[in-house]
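Chemist: The following comprises the amino acid sequence and a computationally predicted model.
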Amino acid sequence: MDQHAPPAWLDRILSRRRVLAGSAAGLAVPAIAGAAAAPRGRPEELATGALRRVTLYAEALPGGLFGYGLAPGQATVPGPVLEMWEGDTLEVTLVNTTTQRLSIHPHGVDYDTASDGSPLNASFNNAGETRTYVWRSREMVAAAGRRYMPGNAGYWHYHDHAMGTDHGTAGIAKGLYGALIVRRRGDILPARQFTVVFNDMMINNLMAPHTPMFEANLGERVEWIAIGHGNTFHTFHLHAHRWADNRTGMLEGPADPSAVIDNKDLNPGSSFGFQVLAGDGVGPGVWMYHCHVQFHSDGGMVGLFLVRNADGSMPPGAEEAIHRFRGHTHQHGG
Amino acid sequence: MDQHAPPAWLDRILSRRRVLAGSAAGLAVPAIAGAAAAPRGRPEELATGALRRVTLYAEALPGGLFGYGLAPGQATVPGPVLEMWEGDTLEVTLVNTTTQRLSIHPHGVDYDTASDGSPLNASFNNAGETRTYVWRSREMVAAAGRRYMPGNAGYWHYHDHAMGTDHGTAGIAKGLYGALIVRRRGDILPARQFTVVFNDMMINNLMAPHTPMFEANLGERVEWIAIGHGNTFHTFHLHAHRWADNRTGMLEGPADPSAVIDNKDLNPGSSFGFQVLAGDGVGPGVWMYHCHVQFHSDGGMVGLFLVRNADGSMPPGAEEAIHRFRGHTHQHGG
Amino acid sequence: MDQHAPPAWLDRILSRRRVLAGSAAGLAVPAIAGAAAAPRGRPEELATGALRRVTLYAEALPGGLFGYGLAPGQATVPGPVLEMWEGDTLEVTLVNTTTQRLSIHPHGVDYDTASDGSPLNASFNNAGETRTYVWRSREMVAAAGRRYMPGNAGYWHYHDHAMGTDHGTAGIAKGLYGALIVRRRGDILPARQFTVVFNDMMINNLMAPHTPMFEANLGERVEWIAIGHGNTFHTFHLHAHRWADNRTGMLEGPADPSAVIDNKDLNPGSSFGFQVLAGDGVGPGVWMYHCHVQFHSDGGMVGLFLVRNADGSMPPGAEEAIHRFRGHTHQHGG
């Protein structure tokens, strides 16, 4: 992969992120910062137990990469954010436009063996094949005493489980992964979403200075989804922001015992998410997110979170910081 | 170790697992799926503060391995699941039948320096020596405000701390480890228990296709105890099932803020446990559990969780999947 | 660095730890074991929103190390424990007495870009330069439903972000790090504090038998702050004591779902803290703390926690254990 120029699919990611990634495939995400807890959208998106369908296209990308996309020629790394409410079912029709065996395997949702996405269960797409995978979700169920068997709400992810090896090692290495969110009724919806995948020594298969620069205006509610892949251990750190180490990243009332953190292990197959108000209490500016393993941050596992002024204008010093980070390759996305 | 044929002690493990591991050494575990919260068993097992005694035999096994067992000639890797209620005391008499210095060191319970199991405290068995270690437990105690100093309930483990080095590095590498559960009053008891130890690049000192295949019938309450050992970082992933990232793996009511996960770091010295209803919401079939570090799953850190039909019969496709996984070495255990 | 003799700055650490580290720079920490929840101290330390000022001196130390100190010639590895109540502001004036670029970057608190401590934001001290960094904190704020955006309370840390690389890799490797605690109103204050930093293959840049021996009397409330740095993965284990895996290490009432653990991942950039009553339920004696990665504990990542009798006298066997651990280099600290 050429580390020195942003590939074409990155431009697509950056421009698509201005539109809200979630809106295409699942929830309608309101474009209002600090959105209220009540979900908004078309009526059918509010019903519990909704059945939604999405078609994903697995495609080869320049530089030996592969990606999932919502339309032909639109594949990106990572793939689109897919979202569900607890109770929903998502039918994912995967069109394999490549010459290799591949699949889509989800974390966190319910699926039968035919939708496992693994060669073990003969659940994959051969070259050129189209196959439908069904992902279901449900709410928690009382067990005994005050205990409940958990529902499916969480910051999850999906990835290939069939390219290269029976565990999809080649597919994952080359970009076949994305975020999957299952929300519980009452969850707060964000204004913007950022997917950060630590994949071996890269972020979203890129390295600084080409890693994504995420953008928000001061005070906007921003959702981060962090996913680990590959073979290396990592820790995700975000400057000047923090979150509760629990399901939502917020505290569930003053008695919530959760630790509040700004650095968390992000190892292969794990994922977590959280929401912050961009620049809240710290002001606008350019803030780093990076792997805190020193040789990894020094080696390029670092990106920028640009918090603009509330009116969208650039805060003092931001241009200089971005320039410093990117050298003469000055470009914005978000 | 011969990776290509299941060793004799594995047969013993597999057959013993049909009997409930916990019943021999601690709690009586009812053989009823989804067992109610109230513990059942002989009256003396229900008393808070019970004193129980167990004798463990540390033995050499074929292939250079070592194991703990509940009777002479019965050592396994991992050793038997030991269980207590908070408040109980367990006296472990360790018979060292080997020619090497070794010990037993528990996590999570209370013990004085003589029961530390460490050479630092001169707490170990010389070759051929018998020594008694005393493990105590207690309930949480109010501290100040609404805070409590925690009790001992947890999914813990025990291991050698004296063979090879003062930290038991050789003993652990060769199989001297097992699960230790301390339950809180009101905890739900499982129908089956599976111990999974990620020990360097092996699972229970085995590699695919010889890793344990755990079995349950659809809907049975199954308890997983996951333990990390050795020198390598790992993440434990289970297909089609998930758990709350807290003490029990279940949510403590709708306000429990815990994340729900299906992939968790499993590093040396750490352990966690959780209960799932086998195949609940996803159906019967063969589901993988594996390390999600790609080179580790490709290298053999993967095993099978066979969820049979509710009546114990094999679901469609399961035989084929097992055959695919094991090649011609078709064998069941659980 | 000479691993065989305790360096001069270690003597300073050990002797200073007898005085309470927190008292110099932030909270007044009562010298009473099991201190009540109500904070004690001078009135200005009890006010919400207090502004405190501290001057830190970054200095070169023998053996190629660097440290932060509260007065000239007093730098230590790790630096002093800095403390705040949620709502407080801490102005840190950093005097760079060295010939290298360096900075101080905090985790967990609020700061604007000028106090980021990163070259990205041109926030660092050139050689010989003095610069003031402002760290703010606040309480949780209601978001929607029962959710709150978290405040800043936590067991955090600070470190260089500018020496050697733009991520402070050389500064961190050589000792420029320390603990930062932000407490929530009502938190229980400890009698003693121990900072343990796993920095690559060392503890506080030392290796056994020169790692710190922490001391307390039986029943004293002891606070551990564990911090990870460098490039290697680690797990922190403490013998015979355990804590809840949440913000305080204690349970927030009987319904707190947190796991109770005695072994936790401690990877670069992460930190956690907890309080235990020294030797509670297990008695006085010498207890190990160590990295549970076997090659790391064998290689020197191990230290001692000496729990004296309640009257401060040495318990039976303790001298022998210390002697065994340290060989003929018999020394105490705490």
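Modeler: That came through fine. Numbering: from 1, shown residues only, chains lettered A, B, ... in the order given.

Chemist: Show me the beta-bridge partners of the closest residue in space to A:N204 that isn't next to it in sequence.
Modeler: Using Cβ to Cβ, 6 or more residues apart in numbering or on different chains and skipping the chain neighbours, the partner closest in space to A:N204 is A:V197 (5.2 Å). In short, each C-beta sits where N, CA and C put it, glycine included. Going by DSSP bridges, A:V197 is paired in beta bridges with A:I227.

Chemist: List the contacts of A:V197.
Modeler: A:V197 makes contacts with A:P78, A:Y177, A:I203, A:N204, A:N205, A:A226, A:I227, A:G228, A:H229, as judged by Cβ atoms under 8 Å, 6 or more residues apart in numbering or on different chains.

Chemist: Now rank the residues you listed by neighbours and give me the top one.
Modeler: A:H229 (31 neighbours; other Cβ atoms under 10 Å in any protein chain shown).

Chemist: Check what pLDDT that one gets.
Modeler: With respect to pLDDT, A:H229 scores 98.

Chemist: How about the contacts made by it?
Modeler: A:H159, A:I172, A:Y177, A:V197, A:F198, A:N199, A:D200, A:P268, A:G269, B:Q294.

Chemist: for the stretch 51-200 of chain A, what spans make up the strands?
Modeler: In the stretch 51-200 of chain A, the segments counted as strands under DSSP state E, counting those that start in this stretch are A:51-61, A:65-69, A:82-85, A:89-96, A:105-106, A:130-136, A:141-142, A:148-149, A:154-159, A:177-183, A:192-199.

Chemist: Save those strands as JSON lines, and put in mean pLDDT too.
Modeler: Shown next, in JSON lines, are these (pLDDT from 0 to 100):
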{"stretch": "strand A:51-61", "mean pLDDT": "97"}
{"stretch": "strand A:65-69", "mean pLDDT": "98"}
{"stretch": "strand A:82-85", "mean pLDDT": "97"}
{"stretch": "strand A:89-96", "mean pLDDT": "98"}
{"stretch": "strand A:105-106", "mean pLDDT": "98"}
{"stretch": "strand A:130-136", "mean pLDDT": "98"}
{"stretch": "strand A:141-142", "mean pLDDT": "97"}
{"stretch": "strand A:148-149", "mean pLDDT": "98"}
{"stretch": "strand A:154-159", "mean pLDDT": "98"}
{"stretch": "strand A:177-183", "mean pLDDT": "98"}
{"stretch": "strand A:192-199", "mean pLDDT": "98"}
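
Chemist: shouldn't A:L65 be in contact with A:P78?
Modeler: No. A:L65 sits out of contact with A:P78 when judged by Cβ atoms under 8 Å, with a separation of 11.1 Å.

Chemist: closest to B:M149 out of the strands of the stretch 51-200 of chain A?
Modeler: Proximity to B:M149 (Cβ to Cβ) singles out strand A:148-149 among the strands of the stretch 51-200 of chain A, at 26.5 Å.

Chemist: Looking at the contacts of A:V197, spot the one nearest chain C.
Modeler: Among the contacts of A:V197, A:G228 lies closest to chain C (Cβ to the nearest Cβ), at 12.1 Å.

Chemist: Helix, strand or coil: sort out the residue of chain A found nearest chain B for me.
Modeler: Nearest residue of chain A to chain B, counting by Cβ to the nearest Cβ: A:G269, 2.7 Å away. Per DSSP: H, G, I helix; E, B strand; the rest coil, the secondary structure class of A:G269 is coil.

Chemist: If you drop the residues flanking it in sequence, what lies closest to it?
Modeler: Of all residues not flanking A:G269 in the chain, B:H292 sits nearest, at 2.7 Å (Cβ to Cβ, 6+ apart).

Chemist: what's the burial count for the one you found?
Modeler: 27.

Chemist: Tell me who's in contact with the closest residue to chain C within the stretch 101-250 of chain A.
Modeler: Nearest to chain C in the stretch 101-250 of chain A, going by Cβ to the nearest Cβ, is A:M250, at a distance of 4.3 Å. With contact set as Cβ under 8 Å, 6+ apart, A:M250 has these partners: A:I188, A:W243, A:A244, A:F274, A:Q275, C:A143, C:R147, C:Y148, C:M149, C:P150.

Chemist: what about the nearest residue to A:G69 once chain neighbours are set aside, distance to chain C?
Modeler: Once flanking residues are discounted, A:G69 sits nearest to A:A75: 3.5 Å by Cβ to Cβ, 6+ apart. Per Cβ to the nearest Cβ, to the nearest Å, A:A75 is found 32 Å from chain C.

Chemist: I figured A:A75 was touching A:P62, is that so?
Modeler: No. Look at A:A75 against A:P62 with Cβ under 8 Å: they stay out of range, at 10.8 Å.

Chemist: Looking at these two, which is more packed in?
Modeler: Using other Cβ under 10 Å, the more surrounded residue of A:A75 and A:P62 is A:A75, with 27 against 10.

Chemist: Please tell me the pLDDT value assigned to the more buried one.
Modeler: 98.

Chemist: Same check on A:G327?
Modeler: With respect to pLDDT, A:G327 has a value of 81.

Chemist: Could you tell me which residues make contact with it?
Modeler: By Cβ under 8 Å, 6+ apart, the neighbours of A:G327 are A:P209.

Chemist: same question, A:S271
Modeler: A:S271 neighbours (Cβ under 8 Å, 6+ apart): A:H107, A:Y155, A:W156, A:H157, A:A179, A:I225, A:A226, A:I227, A:G228, B:N263.

Chemist: Try it again at 10 Å.
Modeler: A:107-108, A:154-157, A:177, A:179-181, A:195, A:197, A:225-229, B:259, B:261-263 (Cβ atoms under 10 Å, 6 or more residues apart in numbering or on different chains).

Chemist: Could you double-check that A:M314 sits in contact with A:R308?
Modeler: Yes. Using Cβ atoms under 10 Å, A:M314 is in contact with A:R308, at 6.2 Å.

Chemist: Most remote residue from the middle of chain A, which is it?
Modeler: A:G145 (35.6 Å; Cα atoms, centre = their mean).

Chemist: Tell me, how many residues neighbour A:G317?
Modeler: 18.

Chemist: Pretty sure A:V307 is one of the things it touches, is it not?
Modeler: No. Using Cβ under 10 Å, A:G317 makes no contact with A:V307, being 11.8 Å away.

Chemist: and A:R247, what does it touch?
Modeler: Neighbours of A:R247 in contact, by Cβ under 10 Å, 6+ apart: A:150, A:153-155, A:184, A:187, A:258, A:272-274, B:244-245, B:251, B:256-261.

Chemist: if you set the cut-off to 6 Å instead, what comes out?
Modeler: B:A259 (Cβ atoms under 6 Å, 6 or more residues apart in numbering or on different chains).

Chemist: next one: A:S258
Modeler: With Cβ under 6 Å, 6+ apart, A:S258 has these contacts: A:A244, A:D245, A:N246, B:P257.

Chemist: now do A:V307
Modeler: Here A:V307 is in contact with A:A216, A:L218, A:A278, A:G279, A:P284, A:G285 (Cβ under 6 Å, 6+ apart).

Chemist: and the second one, how many neighbours?
Modeler: By the measure other Cβ under 10 Å, the count of residues near A:L218 is 20.

Chemist: Same question for the fourth one.
Modeler: Counted by other Cβ under 10 Å, the residues lying close to A:G279 total 27.

Chemist: what's it in contact with, if anything?
Modeler: Applying Cβ under 6 Å, 6+ apart, the residues near A:G279 are A:L218, A:V307.

Chemist: need the contact list for the residue lying closest to A:L102 once chain neighbours are set aside.
Modeler: Nearest residue to A:L102, sequence neighbours excluded (Cβ to Cβ, 6+ apart): A:M163, at 4.4 Å. Residues counted as contacts of A:M163 (Cβ under 6 Å, 6+ apart) are A:Q100, A:L102, A:A170, A:G171.

Chemist: just checking, the last one touches A:L102?
Modeler: In this case it means A:G171. Yes. Counting by Cβ atoms under 6 Å, A:L102 is a contact partner of A:G171 at 5.3 Å.
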